[in-house]
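*Asks:* Predicted model, plus sequence, below.
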Amino acid sequence: MSRVGKHPIEIPAGVDVALNDGMLTGKGKNGEFKFRVHEGVETEIVEGKKVVFKPRDDSKKSRAMWGTCRAIVSKAIGGLSVPFTKKVNLVGVGYKASVQGKNLVMQLGYSHDIVFEIPGDVKIVCEAPTAIVVSGSDSQRVGEIVKKMQKFRSPEPYKGKGVIIEGQYVYRKEGKKK
C-alpha cells in the first residue's frame, strides 16, 4: 500500500500557499490554483515552507483521499514554479500552424483553415510551422487543450499523418496487398 500522503510538500520560492476553511489556494509566477481538500483529510502549512496532510480518522475513505489530495496539491504547486509543457507535431504534406493574435490557425488538409482560440490560462507557441508547444501551470488543462487540438486531425494508422503528441506511438498498419 502506498504511503504518498506521509511526505510533506516543499513550497518552492516565489510560490504563496494559503489555507482557509478547507480551501487551499496558491499563487506563483505561472498562475494560480484553488483546491477544496476532502473533509476526511487534515491539512496544515508548517512554517510557510511545507504543506502536510493527515487522515482525520482510520476509515478507508480518509486514508485513500489522504494520498490523493497530497498528489493533486503537489502537482499543482509544482506547476506554479515550473510550467507543464507538451509538444505537438503536425505530420502531413501541407500541414502547418501559426499563432495570429489570440488564435492558433492550423492548416490540416481541409478546404478551410482551422482557427483555435487560445485560452487565457495556457500559452501556445509555434517553434516551427509543424511544431507547437503548449504550456501552462495546470497539467490537466494542458493535456485537455492538446487533446482538443488532436481531435481536428487524429493520427491515422496507414500513412501516419495527423496531429501527433510528442512521445505518442502511432500504431502503423500495412496497406492493401496485390
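*Replies:* Yes, it's here.
*Asks:* For the closest residue to Gly28 other than its chain neighbours, grab the count of nearby residues.
*Replies:* Nearest non-adjacent residue to Gly28, counting by Cβ to Cβ, 6 or more residues apart in numbering: Leu80, 2.9 Å away. C-beta: built from backbone N, CA, C; applies to glycine. The burial count assigned to Leu80 is 23, neighbours taken as other Cβ atoms under 10 Å.
*Asks:* Thought Ser139 was touching Leu80, still the case?
*Replies:* No - distance between Leu80 and Ser139: 11.6 Å, which falls outside the contact criterion (Cβ atoms under 8 Å).
*Asks:* Now find how far off-centre the lengthiest helix in the chain is within its chain.
*Replies:* Of all the elements of type helix in the chain, the one with the most residues (DSSP state H) is helix 60-81. Helix 60-81 has its average C-alpha position 15 Å from the chain's average C-alpha position, going by Cα atoms, centre = their mean, to the nearest Å.
*Asks:* Run through who's touching that helix.
*Replies:* 2-5, 7, 9, 11-15, 17, 24, 26-33, 35, 37-38, 40-41, 43, 51, 53-56, 136-139 (Cβ atoms under 8 Å, 6 or more residues apart in numbering).
*Asks:* ok, of these, which come out buried?
*Replies:* The neighbour-count test (16 or more other Cβ atoms under 10 Å) applied to the contacts of helix 60-81 identifies 5, 9, 11, 15, 17, 24, 26, 28, 30-31, 33, 35, 37-38, 40-41, 43, 51, 53, 55, 136-139 as buried.
*Asks:* shaky segments in this protein?
*Replies:* Along the chain, the parts satisfying pLDDT under 70 run over 1-2.
*Asks:* Do you have the helices of it handy? List them.
*Replies:* Along the chain, the segments classed as helices by DSSP H run 60-81, 139-151.
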